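Visitor: Quick one, fold the following:
(one chain, ligands or ions: 1)
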Amino acid sequence: MPVQTVKEGDYDGIREEIKKVMKQPGYDDGSAGPVFVRLAWHASGNFSLVEHNGGSNGAGMRFPPESVDPANAGLHHAISFLIPIQAANPWISHADLWTLAGVTAIETMGGPRIPWQPGRTDYTGAAAAEEHRGQVGDRLPDGAKGADHIRDEIVALSGAHALGRCHADRSGFDGPWVVNPTRFSNQYFKLLLTRKWTPRKWDGPFQYEAVVAGTRLMMLPSDMALIEDAKLRPWVEKYAADQDLFFKDFSLAFAKLIELGVDRDDTGFARLVKKAAQEGKPLDKVLVVGGGCPFAGAGSKGREAKL
Ligand code: HEM
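Guide: Here you go, the predicted model:
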């Protein structure tokens, strides 16, 4: 079904268009849903509370350095699948569309409804992105690293690895985490706890594997860190035992994630903030919806930030 123009402000109409383009029979497991979720997460997860830049506002991944950041490899597929919707509906910003695609994909694949608000603004070009954003590289978590790299809310969010797969030509890692990777569930947590994960013998990066129902599944070192770390493991156990709790916590954490750095005014419009920290804006006065992101400052500058 071709993408259609919907009335300005009709975000439910846009959700229907997103559902249409999620169906991609020739791509991965037949759905663009997982890569939409990853797009929303990477667009948002590079927010830094310390420098107060990054985050979903602006849709910076359309321009270097984010567009060429190896951490974002493969996300151009998600951006391209969504371009026809934006072309037919130029009233919606890419930044709103990417985050709406993430929450729509989660819900459509059987996950919880996630609160979402419009109002994000796009950078007009690479120069505007650089002026407002500064350097936002090295902030997203690294799959090859362990628990000190990860914070507690990430446990719920990592449940998104029930969706999609790793691609050898993108991250270097290979394979899905669960048998049915287009269904949102707490399977990832269950499998983490119940299977014997052994190092895969291959010439790729270090990862774990287990064969389940004839399918070779994988875990990243950062996934295994969730059960190896004494503070994080109880959350894995809770989410494995209680899918409703997982859905509730995931919904809250993801809603918070996609709001990072989106400072709306009274009209709901989120203007583009220029490197606020450098302009002397006191950091403790900076509005951060929900109090900050578990990954804020996962990169070098923000790692010491106290949230
Ligand atoms: C410790 C934090 C995390 C690390 C190290 C990590 C790492 C990775 C890696 C290496 C891939 C494979 C990329 C590829 O080869 O295509 C991946 C895929 C994915 N990640 Fe994560 N991730 C993390 C957290 C998250 C979070 C918080 C979410 C969402 C809430 C998420 C959602 C996804 C999804 C849906 C995919 C599959 C994408 C696809 O099928 O194309 N991840 N992640």
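
Visitor: the strands in this protein, which residues?
Guide: Along the chain, the segments classed as strands by DSSP state E run 165-166, 175-176, 198-199, 208-212, 215-219.

Visitor: Can you give the contact residues for the third one?
Guide: With contacts defined as CB atoms under 8 Å, 6 or more residues apart in numbering, strand 198-199 is touched by Phe206, Gln207, Tyr208, Glu209, Ala210. Any C-beta I mention is one placed from the backbone N, CA and C, and that applies to glycine too.

Visitor: Likewise for the last one?
Guide: Outside of strand 215-219, the residues that reach it under the criterion CB under 8 Å, 6+ apart are 166, 173-179, 191-192, 195, 197, 200, 207-211.

Visitor: Could you give me the PyMOL syntax to select whichever of those are buried?
Guide: Entered in PyMOL, the line below selects the buried ones among those, by 16 or more other CB atoms under 10 Å:
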select buried, resi 166+173+174+175+176+177+178+191+192+197+200+207+208+209+210
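
Visitor: Contact residues of the stretch 151-300 of the chain facing the ligand?
Guide: Within the stretch 151-300 of the chain, the residues that sit near the ligand (CB under 6 Å from any ligand atom) are 154, 157-158, 160-161, 163-167, 170-171, 173, 220, 222, 254.

Visitor: Out of these, which one has the weakest pLDDT?
Guide: For those, the model is least confident at Ile154; its pLDDT is 88.

Visitor: tell me how far the ends of stretch 110-130 are from each other?
Guide: Its start and end residues considered, stretch 110-130 measures 38 Å (CA to CA, to the nearest Å).

Visitor: what is the rounded mean pLDDT of it?
Guide: Across stretch 110-130, pLDDT averages out at 94.

Visitor: Quick one: the contacts of strand 198-199 as a markdown table, columns for pLDDT too.
Guide: Compiled in a markdown table, the contacts of strand 198-199 are given as follows (pLDDT from 0 to 100):
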| residue | pLDDT |
| --- | --- |
| Phe206 | 98 |
| Gln207 | 98 |
| Tyr208 | 98 |
| Glu209 | 98 |
| Ala210 | 98 |
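
Visitor: Farthest-apart pair in those residues, please.
Guide: Spanning the widest gap among the contacts of strand 198-199 are Phe206 and Ala210, at 15.1 Å by CB to CB.

Visitor: what's around Leu226, how many residues?
Guide: Close neighbours of Leu226, defined as other CB atoms under 10 Å, add up to 26.

Visitor: tell me the pLDDT at it?
Guide: Per-residue confidence at Leu226 stands at 95 (pLDDT).

Visitor: got it, and Leu245?
Guide: Confidence per residue is given as pLDDT, and for Leu245 that number is 97.

Visitor: tell me the contacts of the residue in the chain that the ligand sits nearest to?
Guide: Taking CB to the nearest ligand atom as the measure, the chain has Gly164 as its residue closest to the ligand, at 2.2 Å. Residues counted as contacts of Gly164 (CB under 8 Å, 6+ apart) are Asp28, Asp29, Gly33, Pro34, Val35, Val37, Arg38, Pro176, Pro181.
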